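Chemist: Sequence and predicted model, in that order:
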Amino acid sequence: MNETLADLGETELLRRLSHFAPAGQLDDDTACLAEDPRPLLVNTDVLVDGIHFSDATTDPSDVGWRAVAANLSDLAASGAEAIEGITVALVAPGSTPWDWVQGVYQGMSDALHCHGGALLGGDCSDGAQRLLSVSALGRLGSLRLHRGDARPGDALLTSGPHGLSRLGLALLQNDPALKSQSVPESLRRQAVQQHRRPVPRFDALKALLSSKPNDLPWRAGGTDSSDGLLAAIEGLCRSSGCAAVLDRDQLPRPKDWPLGSPWDQWCLVGGEDFELVLSLPPPWVTPWLELVPGAQRIGTICRGSCGVRWSDDQSLIDSQGFRHYGMS
């Protein structure tokens, strides 16, 4: 018999979920964190069935992994050096199989085991649509990365290639657009893995901290590319009151990435690659690049009104990425 949440009831559901947390952690309505002099960073992400995941493309354990990875990526992009843990709010219809919930929490547990932190608490509720709201807590390290700390003359860099997650989704959906395109098997595997199990780039953050030249202040602009590379750059520009130029030849394309405008669009606006996007003073660039395989310089921050242009012809790059509320 495939048990559902309605069969279990709230008390039994919480008892089973407690196995994914430290002993006794879910016995109370609050979690108590140990005293720590480092500032606390907090963020929240929501994953909604039919928008951020579906049974057709995402196994339950991958839903849980992605829910944690999305939050931890935000913490890495803010300068967190240690993860305290997460709280999880689960909304699901009573008809939801327990096996699905168990898989989701196992995926979250796997991600926390890899990157640090524990399940600190949360809540569960009946509802018409499956939804996960995850809040993550981390401790700030030496560098507080802000979108508003980019400066004219900085180099624009990213920790890795873009477009893989979007390609992975297209492959999982059997997108007709791929029928006329030959995609190497190695690229297919890499893309599906990136979509299902993205990795927050704490390694690239650690390299950033260790590579800062001694004579530079602790100042760098930073964000992650959860909503796409172009959206990340636009966010840096908007918050910093700057503009940016991108080198068309230096787009962070994955190895064996097909050529052509549609594929460059996926690289620019595909989203959910969760790489760091940084604005660094020039002396910091080479030391960081030498420590992060796959990282590259993609452009420059410059003076001007907010906007991102190509360096060769100065044409404005049009954003056509994901928008949470359509064209509004």
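Modeler: Happy to help now that I have it. Residues are numbered from 1 along each chain as shown.
Chemist: Neighbours of Leu209, how many?
Modeler: 14 (other Cβ atoms under 10 Å). All C-beta atoms are positioned from the backbone trio N, CA, C, and that covers glycine.
Chemist: Which helix or strand contains it?
Modeler: Per DSSP states H and E: Leu209 is located in helix 202-211.
Chemist: Kindly report the same for Leu13.
Modeler: helix 5-17.
Chemist: and that helix, what does it pack onto?
Modeler: helix 98-115, strand 118-126 (3 or more Cβ pairs under 8 Å, 6 or more residues apart in numbering; DSSP states H and E).
Chemist: just to revisit the earlier point, I'd like the next helix or strand past the helix holding Leu209.
Modeler: strand 221-224.
Chemist: got a list of contacts for that next one?
Modeler: 73-74, 76-79, 145-151, 154, 200-201, 232, 235-236, 240, 274-280, 301 (Cβ atoms under 8 Å, 6 or more residues apart in numbering).
Chemist: Please spell out which residues along stretch 238-245 are buried.
Modeler: 239-240, 242-245 (16 or more other Cβ atoms under 10 Å).
Chemist: what does stretch 89-103 give?
Modeler: 89-92, 96, 98, 100-103.
Chemist: With stretch 285-293 instead?
Modeler: 285, 288-289, 292.
Chemist: Stretch 203-214 now?
Modeler: 204-205, 207-208, 211-212.
Chemist: Throw the residues you listed into CSV and include pLDDT and distance to Gly307, thanks.
Modeler: As requested, the buried residues of stretch 203-214 are exported to CSV (pLDDT from 0 to 100; distance: Cβ to Cβ, whole Å):
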residue, pLDDT, distance to Gly307
Ala204, 98, 26
Leu205, 98, 28
Ala207, 98, 30
Leu208, 98, 26
Ser211, 98, 30
Lys212, 98, 29
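Chemist: ok, which pair from those is furthest apart?
Modeler: Greatest spatial distance among those (Cβ to Cβ): Ala204 and Lys212, at 13.4 Å.
Chemist: Okay, now the unreliable bits of the chain?
Modeler: Applying pLDDT under 70 to the chain flags residues 1, 306, 319-328.
Chemist: Which segments of it make up each domain?
Modeler: 9-28+37-140, 147-310 (automatic domain parsing).
Chemist: Does Ser225 touch Phe274 like I think?
Modeler: Yes. Using Cβ atoms under 8 Å, Ser225 is in contact with Phe274, at 6.5 Å.
Chemist: out of the two, which sits in the busier spot?
Modeler: Counted by other Cβ under 10 Å, Ser225 and Phe274 do not tie: Ser225 has more neighbours, with 30 against 24.
Chemist: Find the residue closest to the more buried one in space, skipping its chain neighbours.
Modeler: Ala232 (4.5 Å; Cβ to Cβ, 6 or more residues apart in numbering).
Chemist: I'd assumed Ser239 was in contact with the one you found.
Modeler: No. If you go by Cβ under 8 Å, Ala232 and Ser239 don't touch, sitting 11.0 Å apart.
Chemist: Neighbours of Ala232, how many?
Modeler: Using other Cβ under 10 Å, the number of residues around Ala232 comes to 27.
Chemist: Report the contact partners of Ala80.
Modeler: For Ala80, the contacting residues are 41, 138-141, 202, 205, by Cβ under 8 Å, 6+ apart.
Chemist: Can you lay out those residues as JSON lines showing distance to Glu3 and secondary structure?
Modeler: Output for those, formatted as JSON lines (distance: Cβ to Cβ, whole Å; DSSP: H, G, I helix; E, B strand; the rest coil):
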{"residue": "Leu41", "distance to Glu3": "38", "secondary structure": "strand"}
{"residue": "Gly138", "distance to Glu3": "35", "secondary structure": "strand"}
{"residue": "Arg139", "distance to Glu3": "39", "secondary structure": "strand"}
{"residue": "Leu140", "distance to Glu3": "42", "secondary structure": "strand"}
{"residue": "Gly141", "distance to Glu3": "43", "secondary structure": "coil"}
{"residue": "Phe202", "distance to Glu3": "37", "secondary structure": "helix"}
{"residue": "Leu205", "distance to Glu3": "41", "secondary structure": "helix"}
